[in-house]
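Student: kindly return the folded structure for what I paste below:
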Amino acid sequence: SLSQPEREGMFHRGPGLNLTSGQYTAPIAGYYAFTTTLHIARKEPRRKGQGWRQSRLRVLICVQSRCQHNSHLETVSRLESSSDLFTISVTGTLYLQAGQYASVFVDNTAGSPLLVRSGSDFSAVLLGV
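Tutor: Residues are numbered from 1 along each chain as shown. All right, here's what the predicted structure looks like:
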């Protein structure tokens, strides 16, 4: 059986995280440490002999949804495993102005639909101004 969280926002502290939009909005300008760990699964069962086909998966944390600019964190992983479940993490520091937001993006080149599983997380901590 799958374990479900007791209630939404159980570990949600501080005013910046919006669980509906998936965005963290900086209450004040400063340097923030961001971390995300995503548990990603195939949405459909794979056919026999079908692996990830050397696909790449990019996970990004972007400021103001502008992933093409320098204001983002990124990791790229090769999905060579024949497994149906894969974990990928991004961590780093970004400077946000008060009112700017950061959010997580997944760039899927796997050729099959993916699902972000429960137990994935996204956090931001103010380091200093």
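
Student: name the element residue 88 belongs to?
Tutor: Using DSSP states H and E, the element containing residue 88 is strand 85-96.

Student: go on, residue 38?
Tutor: strand 30-42.

Student: and that strand, average pLDDT?
Tutor: The pLDDT scores in strand 30-42 average 91.

Student: kindly report the same for stretch 65-75.
Tutor: Per-residue scores along stretch 65-75 average to 86.

Student: can I get that stretch in PDB, CA atoms only?
Tutor: Taking Å, rounded to 0.1, in the frame of the first residue of the first chain, the C-alpha atoms of stretch 65-75 are listed here in PDB:
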ATOM      1  CA  SER A  65      10.000  30.700 -15.300                       C
ATOM      2  CA  ARG A  66      13.000  32.000 -17.300                       C
ATOM      3  CA  CYS A  67      15.000  28.800 -17.700                       C
ATOM      4  CA  GLN A  68      16.900  30.100 -20.800                       C
ATOM      5  CA  HIS A  69      18.600  32.800 -18.800                       C
ATOM      6  CA  ASN A  70      21.400  32.500 -16.200                       C
ATOM      7  CA  SER A  71      19.000  32.600 -13.300                       C
ATOM      8  CA  HIS A  72      18.500  28.900 -12.900                       C
ATOM      9  CA  LEU A  73      19.900  25.700 -11.500                       C
ATOM     10  CA  GLU A  74      20.000  22.600 -13.700                       C
ATOM     11  CA  THR A  75      21.000  19.000 -13.700                       C
END
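
Student: residues of it that come out buried?
Tutor: 67, 71, 72, 73 (16 or more other Cβ atoms under 10 Å). No exception for glycine: its C-beta is placed from N, CA and C like everyone else's.

Student: now do stretch 116-129
Tutor: 122, 123, 124, 126.
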